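Peer 1: using only what follows, build the 3D model:
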Amino acid sequence: MAAPSPKPAEARTRWTIVLLGMFAGIVVAFQIGKLPAAIPTLQRELALDLVEAGWVLAVFHALAAAIGAIAGVYADRWGIRRVAFAGLLATGLGAAAGGLSDGLTLLLLSRMVEGVGSITVLVSAPALMLRASRPGDQGLAMGMWGSFMPTGMAVMTLLTPLLIALAGWRGLWIVNAGLVWLFAGLFWAATRRAPDPAGPGDAGSGSANPGPWRELAVVLRRTGPWLLTLVMGLYAATYLPILGFLPKYLIEHHGYSQSAAAAWVALAIWANAAGNLTGGWLGHRGAPRWLLMIVALTTMGVAGWLTYQPGFSGEARLVFAFVFSGVGGLLPSSIFGSVTRHAPDRNRVAGINGLIQQSTNVGQLATPPLFAMLVAAGGWPHGPWLTVGLSAAAIVFALLLRRLERAG
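Peer 2: Have a look, this model is predicted:
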């Protein structure tokens, strides 16, 4: 008698693995969220000027900006679960080293280590979630994934003043290292039965092994991944400087305490998580994802510009920030929800995620220092013109994505 056929992996969604993948992203996002509210303390204790503080904010993303795409290919080749676990360990190592730094140079280097670890998590965790989801649930799973960044940033932005008060900024870094390592152990134990096949480049594939660069070329030959990458990169470049410098602005210009400024900005960031979940649900219900992207980008351009213009109260600026962040949240879930549509096949999803994360980190690396330079040269109202231009460029690429999808 023939053995019964195994049930296909996508017969049901393994929500535990989906949630663990999302939480892997959240603990990585803690490493971004810990910094904005800590900038005044770092400036005071390490004698940093505004531009140097901008580089501390951005350098986390430096190596991630350089290696995102190839990291995605290797994640597909080596096994996404193993790569995610290694990335969590490296992220914790970078955070621990940062807590021991005594000057700007070592702090910047430690942030780069955090960035390398983070990119390996961020290219592999969503691929793990997709493999654990049946096709009908993948859009919803990617909507959940899109909420990892605002959720993690908001939680840690909210906790940062308390942790600094209790243990100083160094203690904040050490606590984050411990949290990442603790979660890494839980992740490894709880995902031991997760689907984690090695991709086409596995050592067991024999002479047919195409090599990582040829694997990447398979993704790069498609137009869709490029457009998704460009839209997401420009979105990230728009998002980080507006909210990254807002605590400092509220403290200096509206008399907010460090804890109050951090709390309000954390809530604004959290609004982005709600937007992500809404975008994932709307995409799951059939809303055109390119249209959700354009709505998000248009709103971000207007609200981001208003946030730093003269004549508004602190409360009004926070309203603009909430709108900027909340409506902007429609975009990441729409991008990640479109990945499977534009991937060459199911085993090359992490490669596209790598491209997307690479462009995200390029944007987050470049724009905080540029924003700070514009502010230093002409005042706070000049900075947001950068984000207006970036939003407009992203809208053009979203329209090109619409044309591509309609043609297909």
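Peer 1: in space, what's closest to Leu57 - neighbours in sequence excluded?
Peer 2: Pro368 (4.7 Å; C-beta to C-beta, 6 or more residues apart in numbering). Just so you know, the C-beta spots here come from the backbone N, C-alpha and C atoms, and that holds for glycine as well.
Peer 1: just Gly87 next, same as before
Peer 2: Nearest one to Gly87, counting by C-beta to C-beta, 6+ apart, is Thr120 at 3.2 Å.
Peer 1: over to Gly363?
Peer 2: Ala237 (3.0 Å).
Peer 1: tell me which element that neighbour falls in.
Peer 2: Per DSSP states H and E, Ala237 falls inside helix 223-244.
Peer 1: give the buried residues for that helix.
Peer 2: Residues of helix 223-244 classed as buried by neighbour count (16 or more other C-beta atoms under 10 Å): 224-244.
Peer 1: pLDDT of the helix or strand just after that helix, averaged?
Peer 2: Scanning forward in sequence from helix 223-244 by DSSP H and E, the next helix or strand is helix 246-254. Across helix 246-254, the average pLDDT comes to 91.
Peer 1: now do stretch 188-204
Peer 2: 66.
Peer 1: so that it lines up with my notes, have the first residue be 440 from now on.
Peer 2: OK, 440 is where the count begins now, so the last one is stretch 627-643.
Peer 1: could you pull up the contacting residues of Pro600?
Peer 2: 476, 697-698, 701-702 (C-beta atoms under 8 Å, 6 or more residues apart in numbering).
Peer 1: 7 Å - rerun?
Peer 2: Applying C-beta atoms under 7 Å, 6 or more residues apart in numbering, one finds that Pro600 lies in contact with 476, 697-698, 701.
Peer 1: where's the nearest residue to it once chain neighbours are set aside relative to Val552, distance?
Peer 2: Nearest non-adjacent residue to Pro600, counting by C-beta to C-beta, 6+ apart: Ser698, 3.9 Å away. Going from Ser698 to Val552 by C-beta to C-beta, to the nearest Å gives 29 Å.
Peer 1: returning to what we had before: tell me the helix or strand right after the helix or strand the residue nearest to Gly526 falls within.
Peer 2: Per DSSP H and E, Thr559 falls inside helix 543-570. Sequence-wise, the next helix or strand downstream of helix 543-570 (DSSP H and E) is helix 577-585.
Peer 1: got the angle between the helix or strand following that following helix and helix 662-683?
Peer 2: Toward the C-terminus, helix 577-585 is succeeded by helix 587-629 as the next helix or strand (DSSP H and E). Relative orientation of helix 587-629 versus helix 662-683 (axes from the mean of the first three to the mean of the last three C-alpha atoms, to 10 degrees): 110 degrees.
Peer 1: distance between the ends of stretch 690-705?
Peer 2: 14 Å (C-alpha to C-alpha, to the nearest Å).
Peer 1: list the buried ones in it?
Peer 2: Result for stretch 690-705 [16+ other C-beta under 10 Å]: buried residues 690, 695, 697-705.
Peer 1: what's the answer for stretch 730-746, then?
Peer 2: Quick answer for stretch 730-746 (16+ other C-beta under 10 Å): 731-746.
Peer 1: ditto for stretch 535-549
Peer 2: Quick answer for stretch 535-549 (16+ other C-beta under 10 Å): 535-538, 540, 543, 546-547, 549.
Peer 1: most widely separated two among those?
Peer 2: Ala535 and Leu543 (18.0 Å; C-beta to C-beta).
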